[in-house]
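*Asks:* Curious how this folds, go ahead:
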Amino acid sequence: MRYESDAGEVQSEACSSGRVSVISAARLSVTSPHGTTTWRRGSKQTVRWKLSEQVAASSYSARRKVNAPAGRGYRIVVEYWSGAKKLAGGQSTGRLTIKR
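*Replies:* Numbers count the residues shown, from 1 in each chain. Predicted structure coming up:
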């Protein structure tokens, strides 16, 4: 999971400590935050996403401390990787503002 600016610059990122099985036909959609949102830097926020596979969909969430610099125009990006290969990815809708 990472914060990106409108220009696609990575501002902050975190990796999960767990393992998830993902098939190559999976689609990932970030379900929260949704739309225009404001978070306070240093607060703990929950990001939620859904992994839609051919047979069933699974929902996931991660609670993280907001550690990107204050600013506007962020989006949350969630991706699953296996080694150097990205298996699935998605980003939040709308834009995120981070306040001090």
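*Asks:* same for the longest strand anywhere in the chain, what does it pack against?
*Replies:* The strand spanning the most residues in the chain, taking DSSP state E as the definition, is strand 71-82. Strand 71-82 makes packing contacts with strand 2-4, strand 27-32, strand 44-52, strand 85-91, strand 96-99 when contacts are defined by 3 or more CB pairs under 8 Å, 6 or more residues apart in numbering; DSSP states H and E. For glycine as for every other residue, the C-beta is placed from the backbone atoms N, C-alpha and C.
*Asks:* and V10, which of those is closest to it?
*Replies:* Taking CB to CB, strand 2-4 is the member of the helices and strands packed on strand 71-82 nearest to V10, at 5.4 Å.
*Asks:* Just give the number of residues close to the spatially closest residue to S52 that is not a sequence neighbour.
*Replies:* With sequence-adjacent residues excluded and distances taken as CB to CB, 6 or more residues apart in numbering, S52 is closest to R27, at 4.7 Å. Close neighbours of R27, defined as other CB atoms under 10 Å, add up to 13.
*Asks:* isn't R27 right up against A88?
*Replies:* Yes: with contact defined as CB atoms under 8 Å, R27 reaches A88; the gap is 6.5 Å.
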